[in-house]
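**Q** Give me a 3D structure for the following:
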Amino acid sequence: MINKVILIGNLGADPETRTTAGGLTVANLRLATSERIKRDGEWVDHTEWFRVSVFGTTAENVARYCHKGKSLYVEGKLRTREYTDKDGNRRWSTEVVADVVKFLGGKSDERGSSGGNSAPGSGGGGWGGADDEVPF
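**A** Below you'll find the model as predicted:
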């Protein structure tokens with residue numbers, strides 16, 4: 001069986017982070033993907049929103065470098081959990097649990113805009129030299 005999700009989208013808000021009782025950092029993201037679809041003969045933009053959870057060192061780096069509007073590549077799996085709301089009703093929530101998060105955007109993208117494929121300060125071209133390498 002395969003449960004794999006790949007998304008490329010933009011953060012709709014700054015990451016929300018917390019630390020578990022065991023010391024593990026967790027970041028919760030709201031990621032938007034967009035596509036153009038034809039509806040009633042006209043092209044319209046359609047945005048889909050995803051909840052994404054990131055753990056450990058990756059969560060720490062996301063919290064440090066990512067802000068609303070930042071473009072991300074996310075690879076992970078879907079998880080649905082059941083919970084009881086404040087009124088006692090059973091509810092379900094589906095989210096993406098991220099295994100891989102890559103920052104997209106150029107050097108000028110330190111607050112989350114524009115294109116390219118680099119880490120903050122790397123000068124483009126991905127996670128480059130020893131001074132600017134992010135450990136995840």
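
**Q** V52: neighbouring residues, count only.
**A** Counted by other Cβ atoms under 10 Å, the residues lying close to V52 total 23. Just so you know, the C-beta spots here come from the backbone N, C-alpha and C atoms, and that holds for glycine as well.

**Q** now the one 5 residues further on
**A** Number of residues near T57 (other Cβ under 10 Å) recorded here: 12.

**Q** Tell me the helices and strands packed up against the host helix or strand of it.
**A** For T57, the element it lies in under DSSP states H and E is helix 56-65. In terms of contacts (3 or more Cβ pairs under 8 Å, 6 or more residues apart in numbering; DSSP states H and E), helix 56-65 is packed against strand 25-39, strand 90-104.

**Q** Could you say which one of these comes nearest to I6?
**A** strand 90-104 (9.0 Å; Cβ to Cβ).

**Q** who touches that closest one?
**A** Here strand 90-104 makes contact (Cβ atoms under 8 Å, 6 or more residues apart in numbering) with 5, 7-8, 31, 50-55, 58, 61-62, 65-66, 70-85, 115-120, 136.
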